[in-house]
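Engineer: quick one, what's the 3D model for this:
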Amino acid sequence: MNVKEATDLAAAKEVLAAKEAGAAAGAPADEGKPAKAEGRTDMVGKALGLLVLLGDEPRGASAAEISRRADLPFSTTYRLLGSLTRDGFVDYEPDGRRYHLGLRIFQLGQAVSNHHGFAGTALPILRRVTEQTGEATILSVRDGIHHLTVNKVDGPQTFRVTSDPGFLGALHTTSVGKALVAFAEDEDRERLIEELPLEPLTSLSITDRDAFRAEIEKVRRQGFAVMDEENELGMRAVAVPVFNSQGTAFASLATAVPVFRLSMEALVALVPLLQAAAVELSARLPQR
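Structural biologist: Residues are numbered from 1 along each chain as shown. Predicted structure coming up:
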């Protein structure tokens, strides 16, 4: 069975489930049937809305989940997802029946990044840091309740860091995320501390609200953030904020390593190097 056949089969099952659920709830008989033709502009807006929703789902979502979140009929959602998948804006995972943002979105994001100077301007600085540390260097910005990897330079050794450009990650389990929260504007910082979903990614992830607040206060006092297997077992990282002219972080810069290569003490010793690079990035990057 090819991907298209798998997609159609999964969709048929979801349509059937949606109809059965609607009948059980007393929904109108025509619920779930294709909606009447809508204006092209309206449909473009709906399609873009689906992409935004998928951007908030790093692990992907089913068509039924997306339909509920978008408050659209399932048939409309499925039709739009099919078009977006065909054009490469969305990827479909047959095994889990889940949709993810596709390669075309990444390509467009990279074009925007280059246009605004992040990727092109930051790359030489990230390369220099990696040359000095021998480890991966990562530049991230905040995207709502996630951090977005803008650029990354891998170290020369074979073990790769998996947070590639375009990756959306948790704020509370990563060093880059903690730095972005700790040095956000006061109102944003307080809101994030109180409202971030503190879902565990490993057994070491912070899931207690008071513990997370204490962690952010510690980051603010010491000027850097660490991650010690909280986001991914076997990995640790240290990050510093990249400040704008108002003194808040518009990006964060990190070094990430496997635990067998550097101790936390050795990793923290790299903070001055990262801070010097962050000052240079602050002067060169367009500030958001």
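
Engineer: neighbours of Ala237, how many?
Structural biologist: Neighbours of Ala237 under the rule other CB atoms under 10 Å: 26. (Each C-beta comes from the backbone N, C-alpha and C, glycine too.)

Engineer: and it, that one's in a strand?
Structural biologist: Yes: residue state for Ala237 (DSSP: H, G, I helix; E, B strand; the rest coil) corresponds to a strand.

Engineer: distance of it from Ser83?
Structural biologist: 38 Å (CB to CB, to the nearest Å).

Engineer: likewise Asp208?
Structural biologist: Asp208 is 43 Å from Ser83, by CB to CB.

Engineer: between these two, which is the more surrounded one?
Structural biologist: The neighbour count for Asp208 versus Ser83, taken as other CB under 10 Å, is higher for Ser83 (13 against 10).

Engineer: can you pull the contacts of that one?
Structural biologist: Listed by CB atoms under 8 Å, 6 or more residues apart in numbering, the contact set of Ser83 reads Ala47.

Engineer: next structured bit after the helix or strand where it lies?
Structural biologist: Ser83 belongs to helix 74-86 when assigned by DSSP states H and E. Next helix or strand after helix 74-86 toward the C-terminus (DSSP H and E): strand 90-93.

Engineer: what packs against the helix or strand that comes right after that following strand?
Structural biologist: Going down the chain from strand 90-93, the next helix or strand is strand 98-101, by DSSP H and E. Secondary-structure packing of strand 98-101 (3 or more CB pairs under 8 Å, 6 or more residues apart in numbering; DSSP states H and E): helix 40-55, strand 90-93.

Engineer: for Ser140, helix, strand, or coil?
Structural biologist: strand.

Engineer: tell me who's in contact with Ala249.
Structural biologist: Ala179, Leu180, Ala182, Phe183, Ala184, Pro241, Val242, Phe243.

Engineer: now do 6 Å
Structural biologist: Counting by CB atoms under 6 Å, 6 or more residues apart in numbering, Ala249 touches Leu180, Phe183, Pro241.

Engineer: for Leu171, same thing?
Structural biologist: Counted by CB under 6 Å, 6+ apart, Leu171 has contacts His147, Gly177, Val181, Leu196.

Engineer: I'd say Ala47 and Arg79 touch.
Structural biologist: No: applying CB atoms under 6 Å as the test, Ala47 and Arg79 come out as separate, 9.7 Å apart.

Engineer: hmm, back to that, a markdown table for the helices and strands packed on strand 98-101, including mean neighbour count, mean pLDDT and distance to Thr137?
Structural biologist: Formatted as a markdown table, the helices and strands packed on strand 98-101 follow (neighbours: other CB atoms under 10 Å; pLDDT from 0 to 100; distance: least, CB to CB, whole Å):
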| stretch | mean neighbour count | mean pLDDT | distance to Thr137 |
| --- | --- | --- | --- |
| helix 40-55 | 15 | 84 | 24 |
| strand 90-93 | 20 | 89 | 28 |
